[in-house]
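> Mind looking at a prediction? Sequence and model below.
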Amino acid sequence: MHTFSYWFGFVGAWLLVAGPIYQASVELRAEQEVTARVQEVMHGAPQPPKVSSWWWLLPPVRFVLSSQRRGDSRKAFLASLSVEDLELVTRYMNIARGWMLVGFGAFLIALKETYELVEHHEWPTWLYWLTVVIMTSAAISITVASARFEQRLKADG
């Protein structure tokens, strides 16, 4: 029974990883209006001038200049949004950030549960890392497959 509890913890933790990835995908795809509006505004907004590659001779200065340009670009983008669009973008970002935090927390639990399973069975360390890569890929693949299936249904219907 002891061995089963390790396996249950392992499977449950990875389901907790796959769940938030899937749910975030579903909720963010439902916010298509935001994506379309953001793309529309971005196409109309002027792009900030690029930081010269010569600044790589002084990397700290290059990073500061790049950061300032990104900040200016972000401010210009937000200023070009209407109040309604800003609310939509804020909602979208909050949904994405929330699911990212939940998913990352679940991922940390899955790492721990995977480690305990490997320790319990006295498997080599490389098998731990291989299992993490496989399970992460599987969790992401479930969402990708579901999104593709949904697109096929919409295209056929």
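Arrived safely.
> list the contacts for M100?
For M100, the set of contacting residues under the criterion of Cβ atoms under 8 Å, 6 or more residues apart in numbering consists of A24. (C-beta placed from N, C-alpha, C; glycine too.)
> Domains of the protein: list them as residue ranges, please.
Recorded structural domains for the chain (assignment: automatic domain parsing) are 2-43+83-156, 46-79.
> Of those domains, which shows the lowest average pLDDT?
Averaging pLDDT over each of the domains of the chain singles out domain 46-79 as the lowest, with a mean of 82.
> host element of the residue most central in space within the chain?
Among the residues of the chain, the smallest C-alpha distance to the mean C-alpha position (Cα atoms, centre = their mean) belongs to M100, namely 5.8 Å. Under the criterion DSSP states H and E, the helix or strand holding M100 is helix 83-121.
> Show me what counts as buried in that helix.
Within helix 83-121, the residues scored as buried using 16 or more other Cβ atoms under 10 Å are 85, 88-89, 92, 95, 99, 102-103, 106-107, 109-111, 113-114, 117-118.
> And for stretch 135-147?
Buried residues in stretch 135-147, counting neighbours by 16+ other Cβ under 10 Å, are found at M135, T136, A139, I142, T143.
> you'd agree S66 is up against V51?
Yes - the pair formed by S66 and V51 meets the contact definition of Cβ atoms under 8 Å, at 5.2 Å.
> The two: which is more packed in?
The neighbour count for S66 versus V51, taken as other Cβ atoms under 10 Å, is higher for V51 (18 against 14).
> tell me the contacts of the more buried one?
The contact partners of V51, taken as Cβ under 8 Å, 6+ apart, are R62, L65, S66, R69.
> And it, how close does it get to L78?
In this view, V51 and L78 are 21 Å apart by Cβ to Cβ, to the nearest Å.
> go on, S67?
If you measure S67 against L78 using Cβ to Cβ, the figure is 16 Å.
> Ok, G19 next?
G19 sits 32 Å away from L78, going by Cβ to Cβ.
> This completes my enquiry, with thanks.
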